[in-house]
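Asks: generate coordinates for the sequence data below:
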Amino acid sequence: MRSDRVTQADRRARSRNALLESAARGLSRYGYGNLVLEQVATDAGYTRGALYHQFKDKQDLTLAVLEWILQTWTEEVGVLVEKESEPVAALLALARGHAVFCRRDIARVAVALRLEFSGQDHVIGRAVEDAYELLVKRCVRLINAGRKAGAIPPGPPTRSLALAFLGAFEGAVIALDGQAPHDELLAARAAAGVLGLDPLTATRRP
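Replies: Numbers count the residues shown, from 1 in each chain. From the prediction side, this is the model:
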């Protein structure tokens, strides 16, 4: 009986992950407004009924996709940042790791939703902005630590610098559109330049 329950749980987890990944691809390509749940289910290899068994509607599915992508980003990029003991190294690891993460089509969901819900008071727009704000605050802490250590020169307010830092490497990644390995290197160089560092020296591999 116990093994049967585990098997059912495994099947449910597999179907949920397949539906989330399919929805993420759909959101990246078509946006929230044009996302068709029946197509999401079909692309994942399931029926629309299977989708509604796990998600009550499109909004519920989209919020779950956001949570899933943030968790995946934390496991793949956040861990690289945490490994670095120096603030500048951590910031550049974030830029490099994000560039690698964005080679996958699911990574564009947050950007697509931010643009679609910009200026709107919507639960999905708020969820995206809340997640982005957490990333901004993380960068603010690292920049403050870098300035305190003398590794990052003084200049604009820390929050302004954090926003420009994120915008620099995100813009590079979008423009290069997965042109590996140049996307990773140039995203780090763009980020280093915004921080007031020498891009060539700061991004040179040890």
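Asks: residue 45 against residue 17, yeah?
Replies: No: between residue 45 and residue 17 there is no contact under C-beta atoms under 8 Å: 11.7 Å. C-beta coordinates here come from the backbone N, C-alpha and C atoms, glycine included.
Asks: which neighbours do those two have in common?
Replies: Overlap of the contact sets of residue 45 and residue 17 (by C-beta atoms under 8 Å, 6 or more residues apart in numbering) is empty.
Asks: what are the buried residues along the biggest helix by length in the chain?
Replies: Longest helix in the chain by number of residues (criterion: DSSP state H): helix 2-30. Using 16 or more other C-beta atoms under 10 Å as the test for burial, helix 2-30 gives 15-16, 18-28.
Asks: can you tell me what sits against whichever helix or strand comes after it?
Replies: Once helix 2-30 ends, the next helix or strand along the chain (criterion: DSSP states H and E) is helix 37-44. Defining contact as C-beta under 8 Å, 6+ apart, one finds that helix 37-44 is touched by 15, 18-19, 21-23, 25-26, 47-48, 50-52, 58, 61.
Asks: repeat that with 7 Å
Replies: Here helix 37-44 makes contact (C-beta atoms under 7 Å, 6 or more residues apart in numbering) with 18-19, 22-23, 26, 47-48, 50-51, 58.
Asks: which one of the buried residues of helix 2-30 is nearest to residue 175?
Replies: For those, the residue nearest residue 175 by C-beta to C-beta is residue 28; the value is 16.7 Å.
Asks: excluding chain neighbours, what is closest to that closest one?
Replies: Excluding the flanking residues, the one nearest residue 28 by C-beta to C-beta, 6 or more residues apart in numbering is residue 108, at 4.1 Å.
Asks: next, format the contacts of helix 37-44 as CSV and append distance to residue 78 and pLDDT.
Replies: Formatted as CSV, these follow (distance: C-beta to C-beta, whole Å; pLDDT from 0 to 100):
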residue, distance to residue 78, pLDDT
18, 24, 95
19, 24, 96
22, 24, 95
23, 22, 96
26, 25, 94
47, 35, 93
48, 34, 92
50, 31, 92
51, 29, 95
58, 28, 96
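Asks: just send these back as a markdown table, with distance to residue 163 too.
Replies: Putting those into a markdown table (distance: C-beta to C-beta, whole Å) gives the following:
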| residue | distance to residue 163 |
| --- | --- |
| 18 | 36 |
| 19 | 34 |
| 22 | 32 |
| 23 | 29 |
| 26 | 29 |
| 47 | 44 |
| 48 | 41 |
| 50 | 41 |
| 51 | 37 |
| 58 | 30 |
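Asks: and which of those is nearest residue 74?
Replies: residue 23 (19.2 Å).
Asks: does the closest one touch residue 65 like I think?
Replies: Yes: using C-beta atoms under 7 Å, residue 23 is in contact with residue 65, at 5.0 Å.
Asks: next one, pLDDT for residue 103 please.
Replies: pLDDT for residue 103: 89.
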